[in-house]
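Asks: Below is the structure, and that's it, no one-letter string:
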C-alpha cells in the first residue's frame, strides 16, 4: 500500500483500490487530496497489470466536494500549470486503460460528483445522496461535469441538476441513469467486491480492448470506428484467450485466461 496522507491506495492481482481518506471531514476535498488522488491515478493509468480500479470513500461519505472550511481560509491567486494538471482526475478515470468504478458509499456532490461521473461505472449505497452543488456556492464548477453529466443522463436533465442543484437520492440517481446499481448499505461492500471480481476475471485482452473501443468511439465517426473495430476484432479473435473462451463455452466450463 502506497503512503499518502489523505487517500489510501493499493493495487494487487490486477485490481486497484483508491479510498478518499478524510472521514472526519466527510472526505471533503483539499488541495492535498486533489494532488494525491491525481498522483495515484496517474500511476494507475501507467500500470499495465491493472484491469479494474475502484474509487470510494472512507466512513460515511464518498466526497461532498471541496472542504469549504479549509478552502475558505486559503488565499486564492489562480492556478499554476502544475495545479491545473491535477484537475484532470476525471479525465484519468475516464481514459485510463483499466475499467474504473466509482463506489459511492455516501454523500457525493460538487467536485466529488465530477470525479464519480468520470468513471466508467457508478454504483451506490442506498443511503447515498447526490448534488451538483457548485451553483450553491457561487461557482460554475470544475471536474468536467458539463462534459460527463449530459452523456450519462441527457442534456436537459444535466442542466436541470446543475442549475437547480437540488439534492437527490440513490434511487433517483439510478432512475435517471447516473448509477448502474443501488445496493442496501449492509450489502454494499460484498456486492461491490463481487462486481469487481466479475470484471477482473474477464479476459484482460478483451476487457482492456473494450474500454479502448469506447474511448475511440467518442472521437470517431461511425464508419471510421467500424473499420477500426473490425481490424482490432480480427486480431483479438486470434489470441489464446479468445480461442480458450470459445472452447470453454462449447465445453460448458469456466475459461482459464492467460492474458495472451
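Replies: Right, received. Where do you want to start? In this text, all values refer to a predicted model and were calculated from it rather than measured experimentally.
Asks: CA atoms for contacts and neighbours, from now on please.
Replies: OK.
Asks: what sits up against stretch 139-153?
Replies: Applying Cα atoms under 8 Å, 6 or more residues apart in numbering, the external contacts of stretch 139-153 come out as 87-90, 110-111, 113-115, 117-118, 134-135, 155-159, 176-178.
Asks: The least confident helix or strand in the chain by mean pLDDT - contacts with which helices or strands?
Replies: Across the helices and strands of the chain, mean confidence by mean pLDDT, DSSP states H and E is lowest for helix 81-86: a mean of 76. Here helix 81-86 touches helix 31-45, going by 3 or more Cα pairs under 8 Å, 6 or more residues apart in numbering; DSSP states H and E.
Asks: which strands and helices sit next to the helix it packs on?
Replies: Applying 3+ Cα pairs under 8 Å, 6+ apart, one finds that helix 31-45 contacts strand 7-12, strand 15-20, helix 81-86, helix 89-95.
Asks: right, and these - which one's nearest residue 221?
Replies: helix 89-95 (18.7 Å; Cα to Cα).
Asks: Could you list the residues in contact with that closest one?
Replies: Taking Cα under 8 Å, 6+ apart as the rule, helix 89-95 contacts 37-38, 41-42, 45, 100, 114-120, 143-144, 215.
Asks: for the stretch 51-200 of the chain, which spans come out with low pLDDT?
Replies: 72-79 (pLDDT under 70).
Asks: Show me the strands in it, by range?
Replies: Using DSSP state E, counting those that start in this stretch, the strands found in the stretch 51-200 of the chain span residues 52-57, 61-63, 99-104, 107-109, 121-125, 129-131, 168-169, 181-183.
Asks: which residue sits closest to residue 49, ignoring its sequence neighbours?
Replies: For residue 49, ignoring the flanking residues on the chain, the nearest one in space by Cα to Cα, 6 or more residues apart in numbering is residue 14 at 5.5 Å.
Asks: so that neighbour touches residue 54, yeah?
Replies: No: with contact defined as Cα atoms under 8 Å, residue 14 does not reach residue 54; the gap is 11.4 Å.
Asks: Neighbour count: these two, which is higher?
Replies: Legend: neighbour count by other Cα atoms under 10 Å for residue 14 and residue 54, higher for residue 54 (23 against 17).
Asks: and that one, what does it touch?
Replies: Contacts for residue 54 (Cα under 8 Å, 6+ apart) come out as 15-18, 100-103.
Asks: which residues does it bridge with?
Replies: In this entry, residue 54 is beta-bridged to residue 17, residue 101, by DSSP bridges.
Asks: Among the helices and strands packed on helix 31-45, which comes closest to residue 197?
Replies: strand 15-20 (8.6 Å).
Asks: Kindly calculate the angle that that closest one makes with strand 52-57.
Replies: Counting by axes from the mean of the first three to the mean of the last three Cα atoms, to 10 degrees, strand 15-20 lies at 20 degrees to strand 52-57.
Asks: If you average the pLDDT over strand 15-20, what comes out?
Replies: In this model, strand 15-20 has a mean pLDDT of 98.
Asks: buried subset of the contacts of helix 89-95?
Replies: Among these, those scoring as buried are 37-38, 41-42, 45, 100, 114-120, 143-144 (criterion: 16 or more other Cα atoms under 10 Å).
Asks: before we move on, back to that, with mean neighbour count and distance to residue 206 added, can I get the helices and strands packed on helix 31-45 in TSV?
Replies: Output for these, formatted as TSV (neighbours: other Cα atoms under 10 Å; distance: least, Cα to Cα, whole Å):
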stretch	mean neighbour count	distance to residue 206
strand 7-12	18	20
strand 15-20	22	16
helix 81-86	12	30
helix 89-95	23	16
